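*Asks:* pasting the sequence and the predicted model now:
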Amino acid sequence: MKLAPMRFDGFSWRHNPREIRFECEKQVCEKLTTDGGSLVSELGGKAMVIRGEGELYGSDCAEQFAALLDLYKSSGEGVLVIDRLLPIRAVFEELRLLGQPREDVLTYSFVFREAAPRSREAESSCAARPGETLWDISYRFKIPIDTLVRLNPGIRRPDDELDGRSVFLA
């Protein structure tokens, strides 16, 4: 099965990372009771951390890394899209070049941290950002994808890049 390329803030990876890890944690509190037992309470979730490693291939692998580094330096909060998973609003937190560069191959690692959820703005439409799909807009405005598909019959597939098109939200 071929997966669509990972994307963030309008940038698409040429080759998906070979490894991606999702780190999800909840804060819990345990209190001892007078009878020797304990009570556990959930205090809420921590921001999810997405880590991974991959390779950049080809005679232009140094240029590919430079483009990734530019994305890291210039991006703030954006939407991270990994095929077959829900889009995640995240911040590009870390980028590292690993090991010795080899001819036509650079190995790198990355870290994204989930951003705080945004509340839906009372808008009836929006202009899609560069590289955005209906999935990205679904996540950004907290609208079910089925609703966006129904409201936007002119958009053939929810994973098509919309680049500036107007999208109905309500």
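*Replies:* All right, it came through fine. Numbers count the residues shown, from 1 in each chain.
*Asks:* break down this protein into its strands, ranges please.
*Replies:* Using DSSP state E, the strands found in the chain span residues 7-8, 11-12, 19-23, 26-32, 38-45, 49-57, 77-81, 88-102, 105-114, 125-127, 166-168.
*Asks:* please identify which of those strands is closest to Glu63.
*Replies:* When the strands of the chain are compared by Cβ to Cβ, strand 49-57 sits nearest Glu63, at 9.0 Å. Any C-beta I mention is one placed from the backbone N, CA and C, and that applies to glycine too.
*Asks:* using CSV, write out every CA atom in stretch 89-109.
*Replies:* Below are the C-alpha coordinates for stretch 89-109, written out as CSV (Å, rounded to 0.1, in the frame of the first residue of the first chain):
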residue,chain,number,x,y,z
ARG,A,89,-2.5,21.1,14.6
ALA,A,90,1.1,21.2,15.6
VAL,A,91,4.4,23.1,16.0
PHE,A,92,7.6,22.0,14.3
GLU,A,93,9.7,21.7,17.4
GLU,A,94,13.0,20.0,16.4
LEU,A,95,14.9,19.0,13.3
ARG,A,96,18.3,17.1,13.4
LEU,A,97,20.7,15.9,10.8
LEU,A,98,21.9,12.4,12.0
GLY,A,99,25.2,10.7,11.4
GLN,A,100,27.6,11.3,8.6
PRO,A,101,26.1,12.3,5.3
ARG,A,102,26.5,9.7,2.6
GLU,A,103,26.5,10.3,-1.1
ASP,A,104,22.9,11.0,-2.2
VAL,A,105,21.4,10.2,1.3
LEU,A,106,20.9,12.3,4.4
THR,A,107,19.3,10.9,7.6
TYR,A,108,17.3,13.2,9.8
SER,A,109,14.9,13.2,12.8
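*Asks:* from Val28, how far off is the residue of the chain positioned farthest from its centre?
*Replies:* Centroid-distance maximum for the chain: Asp35 at 46.2 Å, with Cα atoms, centre = their mean. Counting by Cβ to Cβ, to the nearest Å, the gap from Asp35 to Val28 is 20 Å.
*Asks:* can you list contacts of the longest helix seen in the chain?
*Replies:* The longest helix of the chain (DSSP state H) is helix 61-74. Outside helix 61-74, the residues that touch it by Cβ atoms under 8 Å, 6 or more residues apart in numbering are 8-9, 11, 14, 56, 58, 92, 95, 97, 101, 104-106, 108.
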